[in-house]
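**Q** no FASTA, just this:
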């Protein structure tokens, strides 16, 4: 098994239906050992030219999940079943052993 990070994008004020869909999705991935799941709130972007607040909206990075999957196609299948607001990005987590 490999580890994959699913980065969730898009924010809408949660409704009971949205929360129920997320609860159902988390139940469906329980066997994939999701060790880290989180949501993001207030955010800032820091660059060499300064700092700016990042608003919560449809383009915002709003959360993450770390799952086990056989390969990228398997991780993609999990991401496609997620009730994301706008999109999900999937990244393979590379091992840093020996570095």
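**A** Right, received. Where do you want to start? This structure is a prediction, so every number in the text was calculated from the model and none was measured.
**Q** tell me which element residue 25 is part of?
**A** Residue 25 is located in helix 16-28, with elements delineated by DSSP states H and E.
**Q** touching that helix from outside, list them.
**A** Contacts with helix 16-28, where a contact means CB atoms under 8 Å, 6 or more residues apart in numbering, come from 12, 34, 37, 81, 82, 83. Placement of C-beta: from N, CA and C, glycine included.
**Q** confidence-wise, which of the residues you listed comes last?
**A** Lowest-confidence member of those: residue 34, scoring 64 (pLDDT).
**Q** the chain: strands as residue ranges?
**A** 2-9, 36-39, 43-47, 50-54, 61-69, 87-92 (DSSP state E).
**Q** lowest average pLDDT across the ones you listed?
**A** Minimum mean pLDDT among the strands of the chain: strand 36-39, a mean of 82.
**Q** what strands line up against that one, and which way round?
**A** strand 61-69 (antiparallel) (DSSP bridges).
**Q** next one: the strand it pairs with to chain centre, how far?
**A** Computed by CA atoms, centre = their mean, to the nearest Å, the chain-centroid distance of strand 61-69 equals 4 Å.
**Q** and that strand, what's buried?
**A** Buried positions in strand 61-69, judged by neighbour count with 16 or more other CB atoms under 10 Å: 62, 63, 64, 65, 66, 67, 68, 69.
**Q** rewinding a little: format the strands of the chain as TSV; extra columns: distance to residue 16.
**A** What follows is those, written out as TSV (distance: least, CB to CB, whole Å):
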stretch	distance to residue 16
strand 2-9	19
strand 36-39	17
strand 43-47	26
strand 50-54	27
strand 61-69	18
strand 87-92	22
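**Q** quick one: closest of those to residue 76.
**A** strand 87-92 (5.9 Å; CB to CB).
**Q** quick one: strands adjacent to the closest one?
**A** strand 2-9 (antiparallel).
**Q** now the strand it pairs with against helix 16-28, angle please.
**A** 180 degrees (axes from the mean of the first three to the mean of the last three CA atoms, to 10 degrees).
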